[in-house]
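Novice: Sequence first, predicted model second:
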Amino acid sequence: MTTKRSRRVGWNIVGLALFVVIAFPTYWMISTAFKPDNKIYGFTPTFFPTHPTLQHFSDAISRPYFWTDVKNSLIVVLSTVVIALFLSFFAAVALAKYRFTGRKLFIVLVIGIQMLPQTGLIIPIYVVLGRYHLVNTLFGLILVYLTFSLPFCVWTLRGFMIGIPKELEEAAMVDGSTRVGAFVRILLPLVAPGLVATSVFAFITSWNEFIFANTIMSGGTKQTITVWLSLFTGGARAVDWGALMAASTLISIPVVIFFLFVQRRIAFGLTAGAVRG
Amino acid sequence: MGHVATPYLLLVPTIIAIVALLGYPIVNLVELSFQQYGLGQLITHHGVYIGLANYSSILSDPLFWNTLWRTLVFTAANVGLTMVLGMLIALLLVRVSTWVRLLLTGALVLAWSMPPVVAVQVWNWMTNLQNGVLNYTLTQLGIGNYFQHNWYASTASQYAMVTSLIVWGGLPFVVITVYASLSQVPHELVEAAQIDGARAWRILKDVTLPVVKPILLILTSLSIIWDFGVFTQPYLLIGPGQQSPDNYLMSTYLYIEGYAQTDYGKGAAISILMLAIVAVLSIFYVRAMLRTGDE
């Protein structure tokens, strides 16, 4: 018994050491954001800051284009999520609740698209958007974001819908409603948590997206917030690290909140199929 | 009620969107790869057909083969580290006290949720040569003199930094997924094996691994596909201005030589080659997912 206990203490020590290493980058970002400049640029780093300041946050948000680019990101991301969710809902119903010829082909398509490396698509998307004068427009970027969020939403929603027992729909149909009526009245409320989780995840991937935004959008008033952040260190000889970390913290906050909210659900959604299969 | 046509009608909007948004560009990509297509052609919207010239010039260029080789080594290192560390941490999570487990999963979820561009900037700051915490800590621990050490001076060192960033960001998904599937390992079996005096290694090999093997295979193939095409981290951490034939990965090679240097035809041909390689790498994953999608 004592060896078992001492072994657990040993594992705990290893676990705590790992905790420090894994949590450190996040801690360092946040603590730098609140540190006064003389603690940031000192010869010895300050691991436990004592005099927090909000100066870097106000510096960050008053930098050129911060709010414009946050607005750009929000417009693109919210439009993408709404359109992707609306379209994918029907496709997910078809995949989860019907068997039909060509179903397998469609599934291969949906999964296959998500495997395409985005860099491989930069050139044709840039050229095609140029043909329709959509380069450097928010609408063009929304169309591009749909290419990856639509298949993702179809596949994830399908996973949530499969879990809904068939008996519930059948009960509704026996009551005399049509299959579509059954979907709306029975399926929709049941699938609502799945819809929320899927849209939140689609929000996060679009909010974080960098490659396409960097390729298609240029200029301070047109770019998204990830591009804004990536340009923070460029050009200037002395980087304002405090403001950079404050901006990084601000940009992460919506993602972290959303992520904590859906992480369990999505981690389950991604693996449930695999474990069951 | 349940017409034969219903599922097809439900799919129509999505299929139209996918064909228009992705099918059309992909057809265009194939077309471009057989054309001389630069800035002039971008303005007139008409390429000059040159047959297989783009492909033959790329495939006869040692730069392509060097880059492909570097990308494969990079992918193997990143996937190997992520999977081995991920598996070890998942096994550790089973063995620690609850409060340690909660702390660790909390840290993992925070790492998981950090946007990649943000993570790059945090790495930039931590590895900064003047005030970076990494140089200070390594020096204080007596590992060596890292005072004003530049981590981005050589390709190997650049990729050590990129790898640490990618593994840190990729671990949470692996750990949390593997940990979830470890809970399916039958307790009775582990206990019976312990009573029989089986060593920890044998229990791991004969009881635990068979249960988590399917999920490990899926995670490995997903990581291979992701890391092979990764762009944001190497491009931004090494720096847009520091990309060169000495440190190209497939994604940055394609981006600089095709897009940035406005040789879209050549870039299209590189894209096709890259997509073909990824398609081969994905076959296993798509087949595994197909099985679950078709239950």
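Specialist: Good, I have the coordinates.

Novice: Skipping its backbone neighbours, what lies nearest the residue of chain B found nearest chain A in space?
Specialist: Using Cβ to the nearest Cβ, the single residue of chain B nearest to chain A is residue B:229, 2.7 Å away. Quick note: C-beta positions are derived from backbone N, CA and C, even for glycine. Counting by Cβ to Cβ, 6 or more residues apart in numbering or on different chains, residue B:229 lies nearest to residue A:117, which is 2.7 Å off, once chain neighbours are set aside.

Novice: which residues touch that neighbour?
Specialist: B:225, B:228, B:229, B:231, B:251, B:274, B:275, B:278 (Cβ atoms under 8 Å, 6 or more residues apart in numbering or on different chains).

Novice: now swap in residue A:145 and tell me
Specialist: Residues near residue A:145 by Cβ under 8 Å, 6+ apart: A:76, A:77, A:80, A:206, A:209, A:212.

Novice: Confirm for me that the first one is in contact with residue A:223.
Specialist: The reference is to residue A:76. No. Residue A:76 is beyond contact range of residue A:223, at 10.7 Å (criterion: Cβ atoms under 8 Å).

Novice: could you pull out the strands for the stretch 101-250 of chain B?
Specialist: Counting by DSSP state E, counting those that start in this stretch, the stretch 101-250 of chain B has no strands to list.

Novice: where are the low-confidence patches of chain A?
Specialist: A:1-2, A:169-180, A:182-183, A:234-237, A:263-277 (pLDDT under 70).

Novice: Can you tell me the SS state at the residue in it that chain B sits nearest to?
Specialist: Residue nearest to chain B within chain A: residue A:117 (2.7 Å; Cβ to the nearest Cβ). At residue A:117 the chain is in coil, as set by DSSP: H, G, I helix; E, B strand; the rest coil.

Novice: What's the separation between it and residue B:69?
Specialist: 18 Å (Cβ to Cβ, to the nearest Å).

Novice: what separates the residue nearest to residue B:229 from residue A:148, distance-wise?
Specialist: Relative to residue A:148, residue A:117 is positioned 11 Å away (Cβ to Cβ).

Novice: Check residue B:9 too.
Specialist: On the measure of Cβ to Cβ, residue B:9 and residue A:148 end up 25 Å apart.

Novice: Which of the two has more residues huddled nearby?
Specialist: Legend: neighbour count by other Cβ atoms under 10 Å in any protein chain shown for residue B:9 and residue A:148, higher for residue A:148 (23 against 11).

Novice: Assess the claim that residue B:17 and residue A:87 are in contact.
Specialist: Yes. The pair residue B:17 / residue A:87 is scored as a contact, 5.8 Å apart, by Cβ under 8 Å.

Novice: Which neighbours do these two have in common?
Specialist: Common contacts of residue B:17 and residue A:87 (Cβ under 8 Å, 6+ apart): residue A:150.

Novice: Got the phi and psi for residue B:48?
Specialist: Main-chain torsions, residue B:48, degrees, to the nearest 10: phi -100, psi 120.

Novice: Ok, the one 4 residues further on next?
Specialist: When read as degrees, to the nearest 10, the backbone of residue B:52 gives phi -90, psi 10.

Novice: Who are the contact partners of it?
Specialist: By Cβ under 8 Å, 6+ apart, residue B:52 lies in contact with residue B:34.

Novice: Just the helices from chain A, written as ranges.
Specialist: Per DSSP state H, chain A carries helices over the ranges A:2-34, A:37-40, A:55-61, A:66-97, A:103-115, A:119-131, A:138-162, A:166-174, A:179-182, A:188-208, A:211-216, A:225-230, A:241-276.

Novice: How about the stretch 151-295 of chain B?
Specialist: Applying DSSP state H, counting those that start in this stretch to the stretch 151-295 of chain B gives helices spanning B:155-182, B:187-195, B:200-203, B:209-228, B:232-238, B:250-254, B:264-293.

Novice: other SSEs contacting the third one?
Specialist: Going back to what we said before, that points to helix B:200-203. helix B:187-195 (3 or more Cβ pairs under 8 Å, 6 or more residues apart in numbering or on different chains; DSSP states H and E).

Novice: Kindly report the same for the fifth one.
Specialist: Taking 3+ Cβ pairs under 8 Å, 6+ apart as the contact definition, the neighbouring helices and strands of helix B:232-238 are helix B:116-126, helix B:155-182, helix B:250-254.

Novice: tell me the most buried of those helices?
Specialist: Most buried of the helices and strands packed on helix B:232-238 by mean neighbour count (mean count of other Cβ atoms under 10 Å in any protein chain shown) is helix B:250-254; its value is a mean of 26.

Novice: contact partners of that helix?
Specialist: With contact meaning Cβ under 8 Å, 6+ apart, helix B:250-254 is reached by A:117, A:119-120, A:122-123, B:63-64, B:67-68, B:71, B:228-231, B:234-235, B:243, B:267, B:270-271, B:274, B:277.

Novice: In PyMOL, select just the buried ones from those.
Specialist: Of the contacts of helix B:250-254, the buried ones go into a single PyMOL selection, burial set by 16 or more other Cβ atoms under 10 Å in any protein chain shown:
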select buried, (chain A and resi 117+119+120+122+123) or (chain B and resi 64+67+68+71+228+229+230+231+234+235+243+267+270+271+274+277)
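
Novice: From residue B:174, how far off is residue B:232?
Specialist: 19 Å.

Novice: List the contacts of the residue nearest to residue A:67 when sequence neighbours are not counted.
Specialist: In this structure, residue A:67 finds its nearest non-sequential neighbour in residue A:61, 7.1 Å apart by Cβ to Cβ, 6+ apart. Each residue near residue A:61 by Cβ under 8 Å, 6+ apart is listed here: A:67, A:247, A:250.

Novice: among those residues, which ones are buried?
Specialist: Neighbour-count burial (16+ other Cβ under 10 Å) applied to the contacts of residue A:61 gives A:247, A:250.

Novice: count of residues packed around residue 128?
Specialist: All of this is about chain A. Other residues near residue A:128 come to 23 when the count uses other Cβ under 10 Å.

Novice: Hmm, no, I was thinking of chain B.
Specialist: 18.

Novice: Domain map for chain A?
Specialist: Listed by automatic domain parsing, the domain ranges of chain A are A:2-53, A:59-276.
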